[in-house]
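Peer 1: Below are the sequence and a predicted model for it; my questions follow.
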Amino acid sequence: MNIAIIGGGIGGLASALALIQEGFKVTVYERSPQLVDLGAGITLAPNATRVLYHIGLGTQLEQTSVTPAKTEFLHYKNGEVIMQVTPKNYRELFGSPYMRLHRWDLQHAMLLRLAEIAPNTLQLNADIKGLESLSNHVDIHFTDGRVARADIVIAADGIRSSIRETLFNPAPPVFAGFVAWRGLVNTSDLPPHLHESVVAFGQGRHINRYLVRRGELLNFIAVAHRDHWEAEGWNIPAPMGEFLNEFSSFDADTREIISRPALGQVFKWGLFGRPWLEQWHSGRVVLLGDAAHPMLPFIGQGAANALEDAMILTRCLVAESDPQQAFTLYQDTRASRVRSATEQSAKRGDRYLGEPNKDSLKGDDAESRYGYNAVTDPLGR
(Lines give C-alpha, C1' and ligand atoms only; values in the text may rest on other atoms or scores of the structure.)
Protein backbone atom coordinates (compact mmCIF):
# COMPACT_ATOMS: atom_id res chain seq x y z
CA MET A 1 0.00 0.00 0.00
CA ASN A 2 1.28 3.45 -0.97
CA ILE A 3 0.51 5.95 1.79
CA ALA A 4 0.83 9.74 1.62
CA ILE A 5 1.11 11.72 4.84
CA ILE A 6 0.37 15.45 4.77
CA GLY A 7 2.38 17.28 7.41
CA GLY A 8 5.90 16.86 8.78
CA GLY A 9 5.13 17.56 12.42
CA ILE A 10 5.24 15.12 15.32
CA GLY A 11 2.08 13.22 14.32
CA GLY A 12 3.05 12.95 10.67
CA LEU A 13 6.61 11.84 11.31
CA ALA A 14 5.57 9.33 13.98
CA SER A 15 3.03 7.87 11.56
CA ALA A 16 5.68 7.56 8.86
CA LEU A 17 8.11 5.78 11.18
CA ALA A 18 5.49 3.38 12.51
CA LEU A 19 4.13 2.55 9.04
CA ILE A 20 7.55 2.03 7.47
CA GLN A 21 8.44 -0.24 10.36
CA GLU A 22 5.45 -2.39 9.31
CA GLY A 23 6.53 -2.50 5.66
CA PHE A 24 4.32 0.20 4.12
CA LYS A 25 5.57 2.55 1.41
CA VAL A 26 5.24 6.10 2.71
CA THR A 27 5.79 9.63 1.42
CA VAL A 28 5.54 12.64 3.76
CA TYR A 29 4.60 15.95 2.14
CA GLU A 30 5.48 19.08 4.12
CA ARG A 31 4.59 22.50 2.75
CA SER A 32 7.47 24.35 4.47
CA PRO A 33 10.68 24.64 2.45
CA GLN A 34 12.62 23.68 5.58
CA LEU A 35 11.78 22.28 9.00
CA VAL A 36 13.27 24.56 11.64
CA ASP A 37 13.62 24.91 15.39
CA LEU A 38 10.54 26.71 16.70
CA GLY A 39 11.99 27.11 20.19
CA ALA A 40 9.51 25.36 22.46
CA GLY A 41 9.38 22.67 25.10
CA ILE A 42 7.17 19.60 25.17
CA THR A 43 6.06 17.24 27.94
CA LEU A 44 5.62 13.55 27.14
CA ALA A 45 4.07 11.18 29.67
CA PRO A 46 4.58 7.38 29.58
CA ASN A 47 1.60 6.85 27.25
CA ALA A 48 3.52 8.93 24.68
CA THR A 49 7.08 7.79 25.31
CA ARG A 50 6.26 4.08 24.92
CA VAL A 51 5.31 4.86 21.30
CA LEU A 52 8.67 6.60 20.82
CA TYR A 53 10.50 3.56 22.15
CA HIS A 54 8.54 1.31 19.80
CA ILE A 55 9.62 3.33 16.75
CA GLY A 56 13.25 3.35 17.83
CA LEU A 57 13.70 6.80 19.40
CA GLY A 58 13.43 6.34 23.14
CA THR A 59 17.04 5.63 24.04
CA GLN A 60 18.30 8.56 21.96
CA LEU A 61 15.79 10.98 23.48
CA GLU A 62 16.77 9.97 26.99
CA GLN A 63 20.12 11.67 26.33
CA THR A 64 18.53 15.09 25.92
CA SER A 65 15.34 14.85 28.01
CA VAL A 66 14.80 15.99 31.60
CA THR A 67 12.63 14.33 34.22
CA PRO A 68 11.82 16.73 37.08
CA ALA A 69 12.65 15.67 40.63
CA LYS A 70 9.59 17.60 41.80
CA THR A 71 7.06 20.18 40.66
CA GLU A 72 5.99 23.04 42.92
CA PHE A 73 2.75 25.01 42.61
CA LEU A 74 3.26 28.56 43.87
CA HIS A 75 1.07 31.53 44.78
CA TYR A 76 1.59 33.90 41.87
CA LYS A 77 2.12 37.03 43.99
CA ASN A 78 4.21 35.95 46.97
CA GLY A 79 5.85 32.80 45.61
CA GLU A 80 4.73 30.65 48.57
CA VAL A 81 4.51 26.90 47.90
CA ILE A 82 0.87 25.77 47.80
CA MET A 83 1.57 22.18 46.86
CA GLN A 84 4.57 20.05 45.90
CA VAL A 85 4.35 16.98 43.69
CA THR A 86 7.13 14.39 43.59
CA PRO A 87 6.87 12.21 40.48
CA LYS A 88 6.81 8.45 40.97
CA ASN A 89 9.07 6.04 39.14
CA TYR A 90 7.01 6.00 35.96
CA ARG A 91 9.34 3.62 34.17
CA GLU A 92 8.77 1.10 36.94
CA LEU A 93 5.03 1.74 37.15
CA PHE A 94 4.20 1.99 33.45
CA GLY A 95 7.20 0.52 31.65
CA SER A 96 8.15 3.84 30.06
CA PRO A 97 9.56 7.12 31.43
CA TYR A 98 8.22 10.65 31.69
CA MET A 99 10.22 13.08 29.54
CA ARG A 100 10.44 16.82 29.07
CA LEU A 101 12.12 17.76 25.83
CA HIS A 102 12.96 20.61 23.55
CA ARG A 103 10.42 20.13 20.77
CA TRP A 104 13.11 20.37 18.09
CA ASP A 105 15.15 17.62 19.75
CA LEU A 106 12.16 15.31 19.29
CA GLN A 107 11.40 16.38 15.73
CA HIS A 108 15.07 16.28 14.71
CA ALA A 109 15.45 12.76 16.13
CA MET A 110 12.43 11.71 14.07
CA LEU A 111 13.88 13.25 10.92
CA LEU A 112 17.23 11.52 11.41
CA ARG A 113 15.55 8.17 12.02
CA LEU A 114 13.38 8.61 8.93
CA ALA A 115 16.41 9.44 6.76
CA GLU A 116 18.15 6.38 8.14
CA ILE A 117 15.42 3.80 7.49
CA ALA A 118 13.76 5.32 4.39
CA PRO A 119 15.78 8.03 2.61
CA ASN A 120 13.84 10.54 0.48
CA THR A 121 10.57 9.82 2.30
CA LEU A 122 10.19 13.47 3.30
CA GLN A 123 9.28 15.90 0.51
CA LEU A 124 9.63 19.56 1.52
CA ASN A 125 8.11 22.61 -0.16
CA ALA A 126 5.09 20.50 -1.09
CA ASP A 127 2.11 22.82 -0.73
CA ILE A 128 -1.19 20.99 -1.21
CA LYS A 129 -3.84 22.67 -3.34
CA GLY A 130 -6.43 19.94 -2.95
CA LEU A 131 -7.24 16.23 -2.84
CA GLU A 132 -9.39 14.13 -5.14
CA SER A 133 -10.46 10.95 -3.36
CA LEU A 134 -11.53 8.33 -5.91
CA SER A 135 -12.73 4.75 -5.52
CA ASN A 136 -9.30 3.12 -5.36
CA HIS A 137 -6.80 5.96 -4.93
CA VAL A 138 -6.33 9.63 -4.04
CA ASP A 139 -4.87 12.25 -6.38
CA ILE A 140 -2.92 14.94 -4.55
CA HIS A 141 -2.77 18.29 -6.35
CA PHE A 142 0.03 20.70 -5.45
CA THR A 143 0.07 24.45 -5.92
CA ASP A 144 2.98 24.17 -8.35
CA GLY A 145 0.88 22.02 -10.71
CA ARG A 146 2.27 18.62 -9.76
CA VAL A 147 -0.03 15.67 -9.09
CA ALA A 148 0.86 12.65 -6.94
CA ARG A 149 -1.15 9.50 -6.39
CA ALA A 150 -1.55 7.43 -3.22
CA ASP A 151 -3.72 4.55 -2.08
CA ILE A 152 -4.65 6.49 1.07
CA VAL A 153 -3.86 9.91 2.55
CA ILE A 154 -3.26 10.64 6.22
CA ALA A 155 -3.84 14.31 6.98
CA ALA A 156 -1.59 15.29 9.90
CA ASP A 157 -1.47 18.97 8.98
CA GLY A 158 -2.21 20.40 12.40
CA ILE A 159 -4.83 22.45 14.17
CA ARG A 160 -5.39 24.67 11.12
CA SER A 161 -5.68 21.68 8.79
CA SER A 162 -6.69 22.74 5.28
CA ILE A 163 -7.76 19.18 4.54
CA ARG A 164 -10.07 19.11 7.55
CA GLU A 165 -11.59 22.40 6.40
CA THR A 166 -12.01 21.29 2.79
CA LEU A 167 -13.26 17.73 3.16
CA PHE A 168 -15.09 17.78 6.46
CA ASN A 169 -16.46 21.36 6.55
CA PRO A 170 -16.26 21.61 10.34
CA ALA A 171 -17.60 24.42 12.51
CA PRO A 172 -15.21 27.37 12.85
CA PRO A 173 -12.74 27.59 15.74
CA VAL A 174 -13.97 29.07 19.01
CA PHE A 175 -11.77 31.34 21.12
CA ALA A 176 -11.20 29.53 24.43
CA GLY A 177 -10.72 32.67 26.51
CA PHE A 178 -6.95 32.42 26.96
CA VAL A 179 -3.83 33.93 25.42
CA ALA A 180 -0.46 32.20 25.74
CA TRP A 181 3.17 33.24 25.50
CA ARG A 182 6.20 30.96 25.26
CA GLY A 183 9.92 31.41 25.57
CA LEU A 184 13.21 29.72 26.45
CA VAL A 185 15.83 30.93 28.93
CA ASN A 186 19.46 29.80 29.05
CA THR A 187 19.96 28.30 32.50
CA SER A 188 23.51 29.68 32.51
CA ASP A 189 21.84 33.08 32.90
CA LEU A 190 19.92 32.01 36.01
CA PRO A 191 20.93 31.16 39.58
CA PRO A 192 20.65 27.43 40.39
CA HIS A 193 17.60 27.82 42.67
CA LEU A 194 15.57 28.90 39.63
CA HIS A 195 16.34 25.67 37.72
CA GLU A 196 13.15 24.07 39.01
CA SER A 197 9.87 22.76 37.65
CA VAL A 198 7.31 25.29 38.87
CA VAL A 199 3.75 26.42 38.14
CA ALA A 200 2.96 29.90 39.53
CA PHE A 201 -0.74 30.73 39.25
CA GLY A 202 -3.69 32.83 40.32
CA GLN A 203 -6.31 35.36 39.24
CA GLY A 204 -6.64 34.13 35.69
CA ARG A 205 -2.93 33.79 34.93
CA HIS A 206 -0.35 31.05 35.25
CA ILE A 207 3.24 30.38 34.22
CA ASN A 208 4.53 26.83 33.85
CA ARG A 209 8.31 26.48 33.63
CA TYR A 210 10.55 23.43 33.33
CA LEU A 211 13.99 22.33 32.13
CA VAL A 212 14.68 20.87 28.69
CA ARG A 213 17.75 19.86 26.64
CA ARG A 214 19.80 18.28 29.41
CA GLY A 215 18.94 21.21 31.67
CA GLU A 216 20.62 23.78 29.43
CA LEU A 217 17.34 25.62 28.78
CA LEU A 218 14.32 26.54 30.87
CA ASN A 219 11.09 26.51 28.89
CA PHE A 220 8.16 28.65 30.03
CA ILE A 221 4.54 28.87 28.97
CA ALA A 222 2.58 31.84 30.29
CA VAL A 223 -1.21 31.97 29.98
CA ALA A 224 -3.68 34.77 30.74
CA HIS A 225 -7.47 34.82 30.68
CA ARG A 226 -9.01 37.07 28.03
CA ASP A 227 -12.53 37.92 26.94
CA HIS A 228 -11.70 39.05 23.42
CA TRP A 229 -10.46 37.27 20.30
CA GLU A 230 -6.73 36.92 19.71
CA ALA A 231 -4.73 35.80 16.68
CA GLU A 232 -4.28 32.05 16.56
CA GLY A 233 -0.81 31.78 14.99
CA TRP A 234 1.90 29.86 16.83
CA ASN A 235 4.83 32.15 15.92
CA ILE A 236 3.61 35.69 16.47
CA PRO A 237 6.42 37.71 18.12
CA ALA A 238 5.19 39.50 21.25
CA PRO A 239 6.45 42.88 22.49
CA MET A 240 8.48 42.24 25.66
CA GLY A 241 7.03 45.27 27.41
CA GLU A 242 3.46 44.08 26.89
CA PHE A 243 4.35 40.58 28.07
CA LEU A 244 6.20 41.67 31.22
CA ASN A 245 3.45 44.10 32.13
CA GLU A 246 0.87 41.31 31.86
CA PHE A 247 2.71 39.33 34.57
CA SER A 248 4.08 42.24 36.62
CA SER A 249 2.13 41.12 39.70
CA PHE A 250 3.97 37.77 39.85
CA ASP A 251 6.72 37.00 42.38
CA ALA A 252 10.28 38.27 41.87
CA ASP A 253 11.74 34.89 40.84
CA THR A 254 9.13 34.42 38.12
CA ARG A 255 9.63 37.96 36.84
CA GLU A 256 13.39 37.41 36.71
CA ILE A 257 12.98 34.28 34.60
CA ILE A 258 10.53 35.67 32.08
CA SER A 259 12.61 38.85 31.62
CA ARG A 260 15.52 36.81 30.20
CA PRO A 261 14.24 34.92 27.15
CA ALA A 262 16.88 33.71 24.71
CA LEU A 263 17.50 36.35 22.02
CA GLY A 264 14.97 38.55 23.80
CA GLN A 265 12.12 36.72 22.06
CA VAL A 266 8.73 35.57 23.28
CA PHE A 267 5.89 34.37 21.06
CA LYS A 268 2.20 34.87 21.58
CA TRP A 269 -0.93 33.11 20.39
CA GLY A 270 -4.61 32.78 21.19
CA LEU A 271 -5.97 29.43 22.37
CA PHE A 272 -8.85 28.12 20.30
CA GLY A 273 -11.07 25.10 20.64
CA ARG A 274 -12.88 23.21 17.91
CA PRO A 275 -16.27 21.54 18.16
CA TRP A 276 -15.95 17.76 18.24
CA LEU A 277 -15.74 16.19 14.77
CA GLU A 278 -17.83 13.04 14.65
CA GLN A 279 -16.18 11.58 11.53
CA TRP A 280 -12.41 11.58 10.98
CA HIS A 281 -12.32 9.93 7.58
CA SER A 282 -13.82 10.52 4.15
CA GLY A 283 -13.23 8.12 1.29
CA ARG A 284 -9.54 7.25 1.33
CA VAL A 285 -8.53 10.25 3.47
CA VAL A 286 -8.19 10.13 7.26
CA LEU A 287 -7.33 12.78 9.85
CA LEU A 288 -4.76 12.39 12.61
CA GLY A 289 -3.68 14.37 15.66
CA ASP A 290 -4.69 18.04 15.89
CA ALA A 291 -6.25 17.85 12.43
CA ALA A 292 -8.80 15.38 13.84
CA HIS A 293 -9.17 16.47 17.46
CA PRO A 294 -7.37 19.70 18.46
CA MET A 295 -6.82 19.92 22.19
CA LEU A 296 -6.11 22.81 24.55
CA PRO A 297 -2.72 22.49 26.30
CA PHE A 298 -3.84 22.36 29.93
CA ILE A 299 -3.29 18.62 30.57
CA GLY A 300 -0.17 18.22 28.39
CA GLN A 301 -1.65 15.47 26.21
CA GLY A 302 -1.90 17.00 22.73
CA ALA A 303 1.33 15.53 21.34
CA ALA A 304 0.76 12.31 23.28
CA ASN A 305 -2.58 11.78 21.56
CA ALA A 306 -1.01 12.40 18.15
CA LEU A 307 1.59 9.72 18.93
CA GLU A 308 -1.13 7.34 20.09
CA ASP A 309 -3.08 8.06 16.89
CA ALA A 310 -0.04 7.24 14.78
CA MET A 311 0.45 3.91 16.51
CA ILE A 312 -3.22 2.89 16.49
CA LEU A 313 -3.78 3.87 12.85
CA THR A 314 -0.72 1.84 11.85
CA ARG A 315 -2.02 -1.20 13.73
CA CYS A 316 -5.45 -0.81 12.12
CA LEU A 317 -3.94 -0.68 8.63
CA VAL A 318 -2.02 -3.86 9.44
CA ALA A 319 -5.15 -5.56 10.78
CA GLU A 320 -7.54 -4.49 7.98
CA SER A 321 -6.59 -4.55 4.30
CA ASP A 322 -9.64 -2.49 3.35
CA PRO A 323 -8.96 1.22 4.12
CA GLN A 324 -12.55 1.96 5.10
CA GLN A 325 -12.58 -0.83 7.64
CA ALA A 326 -9.17 0.24 8.94
CA PHE A 327 -10.31 3.86 9.33
CA THR A 328 -13.49 2.81 11.11
CA LEU A 329 -11.52 0.60 13.49
CA TYR A 330 -9.08 3.47 14.12
CA GLN A 331 -11.83 5.90 15.08
CA ASP A 332 -13.68 3.30 17.13
CA THR A 333 -10.46 2.67 19.07
CA ARG A 334 -9.54 6.31 19.59
CA ALA A 335 -12.73 8.37 19.86
CA SER A 336 -13.77 7.78 23.47
CA ARG A 337 -10.28 8.26 24.92
CA VAL A 338 -9.51 11.33 22.83
CA ARG A 339 -12.87 12.98 23.50
CA SER A 340 -12.43 12.51 27.25
CA ALA A 341 -8.95 14.11 27.13
CA THR A 342 -10.23 16.98 24.97
CA GLU A 343 -13.06 17.75 27.38
CA GLN A 344 -10.82 17.48 30.45
CA SER A 345 -8.32 19.86 28.90
CA ALA A 346 -11.02 22.41 28.06
CA LYS A 347 -12.16 22.45 31.69
CA ARG A 348 -8.69 22.48 33.26
CA GLY A 349 -7.93 26.13 32.46
CA ASP A 350 -10.54 27.17 35.01
CA ARG A 351 -8.37 25.95 37.90
CA TYR A 352 -6.17 29.04 37.54
CA LEU A 353 -8.91 31.68 37.49
CA GLY A 354 -9.42 32.44 41.19
CA GLU A 355 -7.33 32.87 44.31
CA PRO A 356 -4.73 30.06 44.33
CA ASN A 357 -5.15 27.33 46.94
CA LYS A 358 -4.92 23.55 47.25
CA ASP A 359 -8.60 23.10 46.46
CA SER A 360 -8.11 24.57 43.00
CA LEU A 361 -5.55 21.83 42.27
CA LYS A 362 -7.74 18.90 43.26
CA GLY A 363 -9.20 16.39 40.83
CA ASP A 364 -6.12 15.88 38.65
CA ASP A 365 -5.75 12.15 38.13
CA ALA A 366 -3.03 12.39 35.49
CA GLU A 367 -1.74 8.89 36.11
CA SER A 368 -5.00 7.37 34.89
CA ARG A 369 -3.96 8.50 31.40
CA TYR A 370 -0.39 7.21 31.60
CA GLY A 371 -1.12 3.48 31.63
CA TYR A 372 -2.66 3.38 28.15
CA ASN A 373 -0.55 1.35 25.74
CA ALA A 374 -1.17 2.21 22.09
CA VAL A 375 1.36 -0.45 21.05
CA THR A 376 -0.43 -3.44 22.59
CA ASP A 377 -3.85 -2.51 24.03
CA PRO A 378 -6.80 -4.09 22.15
CA LEU A 379 -8.22 -2.38 19.07
CA GLY A 380 -11.91 -1.44 18.89
CA ARG A 381 -14.33 0.09 21.34
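Peer 2: Nice, thanks for sending it over. Residues are numbered from 1 along each chain as shown.

Peer 1: how about the nearest residue to Ala18, chain neighbours excluded?
Peer 2: Once flanking residues are discounted, Ala18 sits nearest to Thr314: 4.1 Å by CB to CB, 6 or more residues apart in numbering. The C-beta positions use only the backbone N, C-alpha and C, and glycine is treated the same way.

Peer 1: how about the residue most central in space within the chain, phi and psi?
Peer 2: A centroid search over the chain (CA atoms, centre = their mean) returns Ala303, at 2.8 Å, as the residue closest to the centre. With angles defined as degrees, to the nearest 10, Ala303 sits at phi -70, psi -40.

Peer 1: The one 10 residues further on now?
Peer 2: When read as degrees, to the nearest 10, the backbone of Leu313 gives phi -60, psi -40.

Peer 1: Check the secondary structure at the residue of the chain positioned farthest from its centre for me.
Peer 2: Distance from the centre of the chain peaks at Ser135, with 32.9 Å (CA atoms, centre = their mean). At Ser135 the chain is in coil, as set by DSSP: H, G, I helix; E, B strand; the rest coil.

Peer 1: Let me know whether Val179 touches Leu271 as I believe.
Peer 2: Yes: Val179 lies in contact with Leu271 (CB atoms under 8 Å); the separation is 7.1 Å.

Peer 1: Kindly point out which residues are neighbours of both of the two.
Peer 2: Taking CB atoms under 8 Å, 6 or more residues apart in numbering as the contact rule, Val179 and Leu271 both touch Val223.

Peer 1: Next SSE downstream of the worst-scoring helix or strand of the chain on mean pLDDT?
Peer 2: One helix or strand of the chain scores below all others by mean pLDDT, DSSP states H and E: strand 236-237, with a mean of 82. Downstream of strand 236-237, the first helix or strand assigned by DSSP states H and E is helix 240-246.

Peer 1: If you count neighbours, what's buried in that next one?
Peer 2: Residues Phe243, Glu246 are the ones in helix 240-246 that count as buried (16 or more other CB atoms under 10 Å).

Peer 1: Could you list every helix and strand in contact with that helix?
Peer 2: Secondary-structure packing of helix 240-246 (3 or more CB pairs under 8 Å, 6 or more residues apart in numbering; DSSP states H and E): strand 217-225, helix 252-258.

Peer 1: What's the mean pLDDT across that helix?
Peer 2: Mean pLDDT, computed over helix 240-246, is 94.

Peer 1: Residues contacting it, please?
Peer 2: Residues contacting helix 240-246 (CB under 8 Å, 6+ apart): Trp181, Arg205, Ala222, Ala224, Arg255, Ile258, Ser259, Pro261, Gly264, Val266, Lys268.

Peer 1: mind redoing it with 10 Å?
Peer 2: Contact with helix 240-246 is made by 179, 181, 183, 205, 222, 224, 238-239, 250, 255, 258-259, 261, 264-268, as judged by CB atoms under 10 Å, 6 or more residues apart in numbering.

Peer 1: Just the buried residues of those residues.
Peer 2: 179, 181, 183, 205, 222, 224, 238, 250, 258, 261, 266-268.

Peer 1: Where does confidence bottom out across those residues?
Peer 2: Among the buried ones among the contacts of helix 240-246, Ala238 has the lowest pLDDT, at 88.

Peer 1: and that residue, what does it touch?
Peer 2: Applying CB under 10 Å, 6+ apart, the residues near Ala238 are 179-183, 222, 246, 261, 265-269.

Peer 1: next one: Pro173
Peer 2: Ile159, Arg160, Glu232, Gly270, Leu271, Phe272, Gly273, Arg274, Pro275, Pro294.

Peer 1: Export the residues you listed to JSON lines and append columns for distance to Thr376.
Peer 2: Formatted as JSON lines, the contacts of Pro173 follow (distance: CB to CB, whole Å):
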{"residue": "Ile159", "distance to Thr376": "29"}
{"residue": "Arg160", "distance to Thr376": "33"}
{"residue": "Glu232", "distance to Thr376": "37"}
{"residue": "Gly270", "distance to Thr376": "38"}
{"residue": "Leu271", "distance to Thr376": "34"}
{"residue": "Phe272", "distance to Thr376": "34"}
{"residue": "Gly273", "distance to Thr376": "32"}
{"residue": "Arg274", "distance to Thr376": "30"}
{"residue": "Pro275", "distance to Thr376": "32"}
{"residue": "Pro294", "distance to Thr376": "27"}
